[in-house]
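S.K.: Sequence first, predicted model second:
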Amino acid sequence: MTDTTGAIKRRESKSSAVLKAFKRLWRYPTTLIGFTLVFLFLVIALFGPTIAPYTYTQQNLVNKLQPPSEEHIFGTDQFGRDVYSRVLVGSRDVLSVAGAGTAVAVFLGLLLGLISAYRGGLFDELIMRFMDVILSIPPLLLAMVILFSLGPSRLNVILVVGFLYIPMVARVVRSVVLDLKTRQFVEAARLRGESSFYILYREIFPNVLPHLAVEASMRFSYSIFLVASLGFLGLGVQPPSPDWGLMVGEARTWFHQARWVLFFPAGAIALLVVAVGFMSDGLRRMLLPGGVSDA
Amino acid sequence: MTSYLIRRIGFILITLVLASIIIFSVTQFLPGDVAGIILGQFATETAIANLREELGLNQPLHIQYLSWAGGFIQGDWGNSLTSRMPIRPIVMERLGNSAMLAGMALLIYVPLGIILGVIAALKRDKLPDQLISGVSMAFVGLPEFVSGLLLITFLAIGLEWFPANSSISPDSTFREAFPYLVLPAITVSLTGLGYIARMTRSGTIDVLRTDYVRAADLKGLPAWQVLIKHVLRNSLLPTVTVVAMGIGWLLGGLIVTEAVYGYPGLGRLIVFSIQRQDLPMIQACSMIVVAVYSISNLIADILYGLLNPRIRVGE
């Protein structure tokens, strides 16, 4: 009996917490803009190839470097390909590569952070020192060197992004777990004789989740930045892929004759990056209201 | 303080050794054979075998690592595979160029970021804060090649205030290089500016909430005195660390920015070496970047210790 009322009470407080979170969301216009834009980008990534009037590889050399017109609203590039179609299809590249990389980093970082903090001792020390070493190499440089060796392919870019951001996620998770470990509800579970797995999964993980969500959204914006920069330098996804960074890098040659080839993918990157930034800022406000001042 | 310093330096040495192992082993995954890369695809088997012997590529990996690392410490960084020139003078010259660019960027974005951050904190949640926070959020995430190309379009091609291309001679003096440095420096600054502004804002807001600031306010001190004597002295302390932690970003930003403007710094050298598969050059450049990064972190730690009486007097 007491159990059910407890459950109901918890559900009530949960729904009002969600309501409160949404109220906080509307208070900041930037958050609203961020969430809306990210949602739009996801829709474009899903349906881009269907909406696109041309395929991203369809060449038409007679029509190369044409300024925006009715047939090609973003103009055409050096091969006469439709820039609008390429930008639409490219959203899928950017979001999937950066998204998958972030997912790898968040998953492995979570595991390492949880286990490392929970077990403590030499294991924790070794893992964290290794993370420090990875962090002592600037991410873009390490990514470039690894991709130079592995060869630039979509899968390798995902793996590199995933690997590079493990330490940051692990650090955040670890610090949260270290704090939670000393709390009474964890102590109580331990005294009840629960297994380590149960404690980590049922008692600690739910409390790590808000921090993890904020961290993941931040890593996502860093990943987009990194993937785009690698594409621009020609070390990421390879042609003829419509990766936005790669498109900007290729368009530089034609910059003086045809600015639209460069502007639209560059603008798309800028818009996406700003949107994800606003969204992650908003997530922080919603999920970790205590730490509003955290940058 | 001394024992703290010794521990920090020891830690950095270990980090450098481990980082060098990472850099060395990562470059071993290279699918092609270095000797094959140097001689090109039409080389004969014997020529490749001879060169492998000459380069010591037949020795076990750990011996190769030790001779590479040993040579690096003694200042013998080998020769470039593409130009056949000794690596060290080239890297040092490019490092100097990158330092000029980085220095100029730091002079722009650190003071400006602090000022904007303090304004945002004082006007928290009001229009100036929303503007500064929004814009800095946008700048933090904007890749340098996007902002750089926009700056080139408007300030170099549109208004013709600055040259659009910075591919100057690598041995230019600062005075010669200056006009070519302005746009790249602004480009690198944008990311850092947003970062510093955000961190300063949060640090200042934390201090504004403390009792001693309230006390200073209530005892009737003029607002500017409270700000300078009580708020900034405390809130700017973490900024030292923030600036140093941003150096890693700055180094990454330099790589992209130098590629955008064709500026002959270390970043462009790295990109160039990767395109040419110039392995020893890549290894040397990477080690230098890691060393610069570690040393700047050390300097930040020392500065933080010197500025913070709790650490300075504590031990």
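M.R.: Received it, and whenever you're ready, just let me know what you need.
S.K.: tell me the domain boundaries of chain B?
M.R.: Chain B breaks down into these domains under automatic domain parsing: B:2-73, B:90-307.
S.K.: so can I have a markdown table of the ones you listed showing distance to chain A?
M.R.: Using the backbone N, CA and C atoms, a C-beta is placed for each residue, glycine as well. Output for these, formatted as a markdown table (distance: least, C-beta to the nearest C-beta, whole Å):
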| stretch | distance to chain A |
| --- | --- |
| domain B:2-73 | 4 |
| domain B:90-307 | 3 |
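S.K.: Could you say which of these is packed most deeply?
M.R.: Among the domains of chain B, domain B:90-307 has the highest mean neighbour count (mean count of other C-beta atoms under 10 Å in any protein chain shown), at a mean of 20.
S.K.: That one spans what distance, first to last residue?
M.R.: Across domain B:90-307, the terminal residues are separated by 37 Å (C-alpha to C-alpha, to the nearest Å).
S.K.: and if you look at stretch A:149-156?
M.R.: 10 Å.
S.K.: Contacts for it next, please.
M.R.: With C-beta atoms under 8 Å, 6 or more residues apart in numbering or on different chains as the contact definition, stretch A:149-156 has outside contacts at A:93, A:97, A:146-147, A:159-160, A:230, A:234-238, A:241, B:26-31.
S.K.: what mean pLDDT does it have?
M.R.: For stretch A:149-156, mean pLDDT is 86.
S.K.: ok, now stretch A:215-228?
M.R.: On average, stretch A:215-228 scores 90.
S.K.: Same question for stretch B:65-85.
M.R.: 83.
S.K.: Could you list the residues of the stretch 101-250 of chain A in contact with chain B?
M.R.: Within the stretch 101-250 of chain A, the positions near chain B by C-beta under 8 Å from any C-beta of the partner chain are A:130, A:132-142, A:144-146, A:148-151, A:221, A:224-225, A:228-229, A:232-235, A:245, A:248-249.
S.K.: what's around the residue nearest to B:Q275 when sequence neighbours are not counted, how many residues?
M.R.: Once flanking residues are discounted, B:Q275 sits nearest to A:G234: 7.5 Å by C-beta to C-beta, 6 or more residues apart in numbering or on different chains. Neighbour count for A:G234, taken as other C-beta atoms under 10 Å in any protein chain shown: 18.
S.K.: which SSE is A:G234 in?
M.R.: If you go by DSSP states H and E, A:G234 is not part of any helix or strand.
S.K.: Pull the contacting residues for it.
M.R.: A:152, A:246, A:249, B:275.
S.K.: any idea how far A:L37 lies from B:L279?
M.R.: 43 Å (C-beta to C-beta, to the nearest Å).
S.K.: and the residue nearest to B:Q275, backbone torsions?
M.R.: Phi and psi for A:G234, reported as degrees, to the nearest 10, are phi 80, psi 10.
S.K.: repeat for B:P86
M.R.: phi -60, psi 140.
S.K.: my guess is it meets B:G71, correct?
M.R.: No. Between B:P86 and B:G71 no contact is recorded; they are 11.7 Å apart, counting by C-beta atoms under 8 Å.
S.K.: so what's in contact with these two at the same time?
M.R.: In contact with both B:P86 and B:G71: B:77-78, using C-beta under 8 Å, 6+ apart.
S.K.: Please point out which parts of stretch A:228-240 sit buried.
M.R.: A:228-237 (16 or more other C-beta atoms under 10 Å in any protein chain shown).
S.K.: from the residues you listed, which is closest to B:Y263?
M.R.: Nearest to B:Y263, judged by C-beta to C-beta, of the buried residues of stretch A:228-240 is A:L233 at 14.5 Å.
S.K.: Test my guess that the closest one contacts B:R268.
M.R.: No. A:L233 lies out of contact with B:R268 (C-beta under 8 Å); the separation is 10.4 Å.
S.K.: Quick check: neighbours shared by those two?
M.R.: Common neighbours of A:L233 and B:R268, using C-beta under 8 Å, 6+ apart, are B:255, B:259.
S.K.: Let me see the ranges of the helices in the stretch 101-250 of chain A.
M.R.: A:121-135, A:139-150, A:154-181, A:184-191, A:196-198, A:205-232, A:244-251 (DSSP state H, counting those that start in this stretch).
S.K.: Touching whichever strand or helix holds B:A47 from outside, list them.
M.R.: In this assignment (DSSP H and E), B:A47 forms part of helix B:45-55. For helix B:45-55, contacts defined as C-beta under 8 Å, 6+ apart pick out B:33-36, B:38-39, B:58.
S.K.: please redo it, this time with the cut-off set to 7 Å
M.R.: For helix B:45-55, contacts defined as C-beta atoms under 7 Å, 6 or more residues apart in numbering or on different chains pick out B:34-36, B:38-39, B:58.
S.K.: tell me the SS of the nearest residue to A:T253 once chain neighbours are set aside?
M.R.: Nearest residue to A:T253 in three dimensions, chain neighbours excluded: A:Q78, at 7.4 Å (C-beta to C-beta, 6+ apart). Of the three states, A:Q78 takes coil under DSSP: H, G, I helix; E, B strand; the rest coil.
S.K.: tell me how far the ends of stretch B:159-175 are from each other?
M.R.: End-to-end for stretch B:159-175, by C-alpha to C-alpha: 23 Å.
S.K.: Just want the most central residue of chain A.
M.R.: Residue closest to the average C-alpha location in chain A (C-alpha atoms, centre = their mean): A:F220, at 1.5 Å.
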